[in-house]
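Structure for this input, please:
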Amino acid sequence: MPEKDRPDHREDVPVLTEIVEDEGARRPAVDGPALEALARELERAVLERLGPEVDRVIQDAPRSRSR
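As a prediction, this is how the structure comes out:
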């Protein structure tokens, strides 16, 4: 039975070949200032977590070259 003849067929349902406007693409999920604040917070958290390890590696670097 062709799809259009099925009892549950609805005319308002787009078919795969039909282009439907995506309303979610109209505005970004996060505005510029919020994104910048998130980036600063992420950078601070990464540096807080990895800073001591980076400092240790830098301090150990000259000793490892002399071996």
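
ok, now which ones touch residue 49?
Contacts for residue 49 (C-beta atoms under 8 Å, 6 or more residues apart in numbering) come out as none. All C-beta spots, glycine's among them, are computed from the backbone N, C-alpha and C.

three-state assignment of it?
When classified by DSSP: H, G, I helix; E, B strand; the rest coil, residue 49 comes out as helix.

Distance-wise, check it relative to residue 16.
Residue 49 sits 46 Å away from residue 16, going by C-beta to C-beta, to the nearest Å.

likewise residue 28?
28 Å.

Of these two, which one has the most company?
Legend: neighbour count by other C-beta atoms under 10 Å for residue 28 and residue 16, higher for residue 28 (9 against 4).

pLDDT score assigned to that one?
On the pLDDT scale, residue 28 is placed at 71.

quick one, phi/psi of it?
In terms of degrees, to the nearest 10, the main-chain angles of residue 28 are phi -70, psi 160.

likewise residue 42?
phi -60, psi -40.

and it, how many neighbours?
Neighbours around residue 42, by other C-beta under 10 Å: 10.

Quick check: the gap between it and residue 61.
Applying C-beta to C-beta to residue 42 and residue 61 gives a distance of 27 Å.

which intervals of the protein have sub-threshold pLDDT?
1-11, 14-15, 18, 20, 22-26, 63-67 (pLDDT under 70).
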